[in-house]
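**Student:** Sequence below, structure please.
(one chain, ligands or ions: 1)
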Amino acid sequence: MSILKNGILWNDTEGNPIHAHGGYIIFHDGYYYWYGEDRREDFYVSCYRSKNLTDWEFRNHILTVRSNTETYRVRTKIKLVNEDGSKVNLERPKVLYNERTKKFVMWVHFENGKDYNDAAVAIATCDTPDGDFTYHGHFNPYGYMSRDCTLFQDDNKTAYFISAARDNADLHIYRLTEDYMNVECLVQKLWQGEYREAPAVVKIKEKYYMLTSFCTGWAPNQGKYAVADSIEGRWSMLKEIGDETTYRSQPAFILQKDGKVLYYGDRWGGGGEKYFTSSYVIYPLAEKEDGLVMEYVEEIDI
Ligand code: DGJ
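**Tutor:** Numbers count the residues shown, from 1 in each chain. The predicted model follows:
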């Protein structure tokens, strides 16, 4: 298979549906690794790998209710299941490789699975891209609420964590410590009162672009983007991209391959059992004279 049809369930190389929503892809040692939410059974995060971005081999349930836990020097709370045995909610997992520590470091939105009041971020690490991750617990960066999130690694390997704060009203950018295990500095508070979710960042020719959605639960809405010369510097005001439903999707992440800029979005089925009908879309992005443009396509040959 080399063509991916948008908005249908994609299968892995064993013929099973790919469970990797709100995800992220990194390239490491000849393979792309796709991490994402897997809300089935006792799983939290699953990992698939591919050489061509179309044939995805399931690798591992890298984070589950039974994952090993280990406190870290950041004061985190370790809770992979509630006292009553129910699952917590781990959403939008993102993973970066840290060249100094040789660890794969995951940052993921944490909620207790009963309400959305924890608004925290959890971290987990592993020595390999698709091994069993060790869970280090959750915390609120500098005490702030932290919901929909992403990671971004700059060319100099400085990494940033970006997350929705103040009940989603504002979007924060934190620079990470060199080991990617903690926030080092809150570098930006963006778009106060704009309620942006689902951030995804890409750097194209020395410019930083951030795509986000508005905040409407599982329903899609008008995507917007902003641009900056430096991720820690001044960001533009938000401009619309795509149509009023971002072509029926919400941003997951943005990937660059062979000069192409590819937007990956989730087409959510909804909450409860409907969640499992959620699918994926990939839309090409291009820099044009009047800004960033998203092209609607029914299918894509990567
Ligand atoms: C929007 C978020 O972006 C999703 O990750 C998910 O949390 C839904 N809200 C739940 O309503």
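**Student:** so Leu176 touches Ile162, yeah?
**Tutor:** No. Under the criterion of CB atoms under 8 Å, Leu176 is not in contact with Ile162, lying 10.7 Å apart. In this view, the C-beta of every residue, glycine as well, is placed from N, C-alpha and C.
**Student:** Which one of these two is surrounded by more residues?
**Tutor:** Neighbour count, other CB atoms under 10 Å: between Leu176 and Ile162, Ile162 has more, with 26 against 22.
**Student:** By proximity to the ligand, which residue of the stretch 201-302 of the chain wins?
**Tutor:** The nearest approach of the stretch 201-302 of the chain to the ligand comes at Gly217, 4.0 Å away (CB to the nearest ligand atom).
**Student:** how near is the residue lying closest to that residue once chain neighbours are set aside to Thr101?
**Tutor:** In this structure, Gly217 finds its nearest non-sequential neighbour in Gly271, 7.7 Å apart by CB to CB, 6 or more residues apart in numbering. The spacing between Gly271 and Thr101, counted by CB to CB, to the nearest Å, is 37 Å.
**Student:** These two - which one has more neighbours?
**Tutor:** Using other CB under 10 Å as the criterion, Gly271 and Thr101 rank with Thr101 on top: 14 against 9.
**Student:** Let's verify that one: helix, strand, or coil?
**Tutor:** Reduced to three states with DSSP: H, G, I helix; E, B strand; the rest coil, the structure at Thr101 is coil.
**Student:** Make 686 the first number, not 1, from now on.
**Tutor:** From this message on, residue numbering opens at 686, which makes the last subject Thr786.
**Student:** check contacts around it.
**Tutor:** Taking CB atoms under 8 Å, 6 or more residues apart in numbering as the contact definition, Thr786 lies against 864-865.
**Student:** Settle this for me: Arg933 is touching Trp953, isn't it.
**Tutor:** No. With contacts counted by CB under 8 Å, Arg933 stays clear of Trp953, the gap being 9.2 Å.
**Student:** joint contacts of these two?
**Tutor:** Both Arg933 and Trp953 are in contact with Pro905, where contact means CB under 8 Å, 6+ apart.
**Student:** if we can go back for a sec, how many other residues sit next to the residue of the stretch 886-987 of the chain closest to the ligand?
**Tutor:** Residues lying near Gly902 (other CB under 10 Å) number 9.
**Student:** now it, what's its secondary structure?
**Tutor:** Of the three states, Gly902 takes coil under three-state DSSP.
**Student:** so Phe961 sits in a helix?
**Tutor:** Yes. Under three-state DSSP, Phe961 sits within a helix.
**Student:** you'd agree it is up against Asp723?
**Tutor:** No. Phe961 is not in contact with Asp723 according to CB under 8 Å; the separation is 10.3 Å.
**Student:** Could you check which of those two is surrounded by more residues?
**Tutor:** Per other CB under 10 Å, whichever of Phe961 and Asp723 has more neighbours is Asp723, with 24 against 14.
**Student:** Run a quick check on the more buried one versus Pro702, I expect a contact.
**Tutor:** No. The pair formed by Asp723 and Pro702 falls short of the contact definition of CB under 8 Å, at 10.2 Å.
**Student:** correct me, but the residue nearest to Gly902 touches Trp903?
**Tutor:** Yes. At 5.8 Å, Gly956 counts as touching Trp903 under the criterion of CB under 8 Å.
**Student:** start to end distance for stretch 972-983?
**Tutor:** One end of stretch 972-983 sits 21 Å from the other (CA to CA, to the nearest Å).
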